[in-house]
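>>> Predicted model, plus sequence, below.
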Amino acid sequence: MADEKKIHFPLDKIRNIGIAAHIDAGKTTTTERILYYTGRTYKIGEVHEGTAVMDWMEQEQERGITITSAATTCFWRDCRINIIDTPGHVDFTMEVERSLRVLDGAVVVFGAVEGVEPQSETVWRQADRYHVPRIAFINKMDRTGAEFERNIQQMIDQLGTNPVPIQLPYGREEHFKGIIDLINMKAIVFKDETLGAKFEVEEIPAEYQEAAKKYRAEMIEKVAEFDEEAMHEFIEGREPTVEQIKRAIRKGVLAIKIVPIICGSSLKNKGVQHLLDAVVDFLPAPNDLPPLKGTHPDDGSEIIRKTSEADPLTCYAFKIASDKFVGSLTYIRIYSGVLSSSSYIYNPRTNRTERIGRLLLMHANKREEIEEAGAGNIVAAVGLKDMRTGDSLCEKINPIILESLFVPEAVIWMAIEPKTKADRDKMSDALGRLVSEDPTFRVRTDQETVQTLIGGMGELHLEIKVDIMRREYGVQVNVGKPQVAYKETITGKAQAEGKFIKQTGGRGQYGHCWIRLEPLERGTGNEFENEVVGGVIPREYIPAIEDGVTDACAGGVLAGYPVTDVKASVFDGSYHDVDSSEIAFKMAGILGFKEAFRRAHPILLEPVMLVEVIVPEEYMGDIIGDLNSRRCVIQEMSNRGHLKVIKGLVPLAEMFGYATAIRSLSQGRANYSMEPNSYQQVPKMLTEKIMGDAVAK
């Protein structure tokens, strides 16, 4: 590259990819190997030693997990590969969500022993939501119990996808030597003494010939339909060329109709270079994707932008991060146009123009300053003040708003208070920054107790946030016990009158309406409908009634928890020429809604989690007994190698402190994963206790 300060790479030579998977499948280890083989690092970092480049936060190194998605850039076969290593833990699912939103392709990593796990399914659904083409890497082929074929069958059964193996493992478990390349029909053996940097290409051994021919025939049959020339050769009974096969695979991947399957062992340095080859050969370049669709902020009309430096500037802020050295960093994906440092950028959400201080190319938490970057790149900007995750950024004369992110609701809340008066001001500043960085992290004030509550995706999520406040912002806080985010809803229909009449010396207050409530399907949210006819309530007061209903939903009726899945309709009422006002009708809306809610057979809902426990057989009885005592409904039990897998649905309220319990029940040999599944009715006996606790507060 002639000028390192200006990043204008040919679009067809750029790959923006994410590495995603279930926790502990080997995402970060795979990324570390990629950095080593592409010459980005000269020493391989290890997650278990706390030396991984991509896990740079202290909290990540201590726990051996990825918390924040880290971005880096490397080069392979004349291509610039921008990589985002994402977390696997469900508490940090937002990091995966926002990464997939801006990436063109993904490598989904599966453990050869574990196969498709709950979080693998979550990641897969997230990739489906944003139509991300992907390839699958079956990692850990050297582990005892590694199964290649079972992984492929699980992808068909559990993910509903169309896997196409383009490699087979050469050897299994401790005898795993390398891979059999089905496209070139060669065996590749990695040299252990060179950390896998060198490998030999050999003929396929006799014992693998039959399997290789069978899998190759299946591969050609599946991919030929995507390329005319390959299809013609296939119909004529001839072998398509290597170029035709690769072109057909690429077309199938871009259409999200097939998922090429490759294998290896990242920890043992086998198969990573061929994973990089697959990324370059099969995953899309920015200009392979359809043009970007957005809307005009003023009239909502559709705008289409091509991935090109010639089109107007279109960017997406997918992550805000605080950096000790440069302040607030805004990670930006450039879809079209050219972004320059010291230039001005317009944010349609705030209707403000801000100046970019500096542009940086990120390598985990290290940075390289650049002057400008063109379409297709991922960069970080310094100096942008009023930014949120999911903001569209553009030129003021060519405004555009891109599709926003899906943000899951918080399932757990915890009270937090500053230890000293000096900590109080620092705490509000730290909370403000954390909220701007992470859309799933919420802060609210309890109206009755005036406590500050923080909400998130799980215990670990909140624990990490409190840890960051203490370490990075120097805020000392006391935290309360975690509390479940219950919701309230109804099971029947009812109607009630809301009347707010107040007579004082002068002008009085008069608001009167009839409200009907009916339940909606679970997960629909709330709806409001105006059915008033004949002018019994003037039209200008209907929004005030709707405000009253919204307020009543937010504060709850049974125990102060938010109301969900309810349709409220205002259908009758009356007004007074002099005394009626918006505030009176808002109060009438609140009173009418609350009364109708009490009559409509209200119930409490609680978050229910999908839990998967992997346990040696000798501890299985104790684990199942413990899960049953936590109101768990066990759905299936299966074998995974020599281990037992228990899957079930369990209320979140019963799972606090489970990490400690499972360790003591299995002498530390069992592990579990948990993710939000649905909201379900709380048993009656427990409802009374929760309502009693709420009143006591």
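Perfect, thanks for sending it. Numbering: from 1, shown residues only.

>>> Check the spatially most central residue of the chain and give its pLDDT.
The centre of the chain sits closest to residue 97, judged by Cα atoms, centre = their mean, with a distance of 2.8 Å. As predicted, residue 97 sits at a pLDDT of 72.

>>> I'd like the distance between it and residue 127.
According to Cβ to Cβ, to the nearest Å, residue 97 stands 10 Å off from residue 127. Placement of C-beta: from N, CA and C, glycine included.

>>> likewise residue 108?
Counting by Cβ to Cβ - residue 108 and residue 127 are separated by 7 Å.

>>> what distance separates the lengthiest strand in the chain from the centre of its chain?
With DSSP state E setting the assignment, residue counts place strand 602-616 as the longest strand in the chain. Chain-centre distance of strand 602-616: 19 Å, with Cα atoms, centre = their mean, to the nearest Å.

>>> Repeat that for stretch 131-146.
For stretch 131-146, the distance to the chain centre is 20 Å (Cα atoms, centre = their mean).

>>> go on, stretch 141-158?
The answer for stretch 141-158 is 24 Å, by Cα atoms, centre = their mean.

>>> Give me the residues contacting that stretch.
Stretch 141-158 is contacted by residues 110-113, 115-116, 121, 136, 138, 140, 161-163, 165, 168-169, 172-174, 176, 259, 261, 263-265, 267-268, 270-271, 640-642 when judged by Cβ atoms under 8 Å, 6 or more residues apart in numbering.

>>> repeat that with 6 Å
110, 112-113, 115-116, 138, 161, 163, 169, 172-173, 176, 263, 265, 268, 641 (Cβ atoms under 6 Å, 6 or more residues apart in numbering).

>>> again with stretch 180-194
Residues contacting stretch 180-194 (Cβ under 6 Å, 6+ apart): 166-168, 170, 177-179, 196, 198-202, 204, 208, 212, 215-216, 219, 242, 245, 270.

>>> ok but residue 692 is inside a helix, no?
Yes: according to DSSP: H, G, I helix; E, B strand; the rest coil, residue 692 belongs to a helix.

>>> of residue 108 and residue 127, who's got more company?
residue 108 (26 against 22; other Cβ atoms under 10 Å).

>>> ok so, going back, residues in contact with the residue nearest to the centre of the chain?
Neighbours of residue 97 in contact, by Cβ under 6 Å, 6+ apart: residue 126.

>>> which of the contacts of stretch 180-194 count as buried?
Among these, the ones that count as buried by 16 or more other Cβ atoms under 10 Å are 166-168, 170, 177-179, 196, 199, 204, 208, 212, 215-216, 219, 245, 270.

>>> now, which of these lie within helices?
Using DSSP state H, the subset of those located in helices is 208, 212, 215, 216, 219, 245.

>>> how about the strands of the stretch 101-250 of the chain, start to end?
Remark: strands assigned in the stretch 101-250 of the chain by DSSP state E, counting those that start in this stretch are 105-111, 134-139, 163-165, 167-170, 178-181, 186-190, 199-202.

>>> With mean pLDDT as extra columns, can I get the ones you listed in CSV?
Formatted as CSV, the strands of the stretch 101-250 of the chain follow (pLDDT from 0 to 100):
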stretch, mean pLDDT
strand 105-111, 91
strand 134-139, 94
strand 163-165, 95
strand 167-170, 93
strand 178-181, 92
strand 186-190, 91
strand 199-202, 89
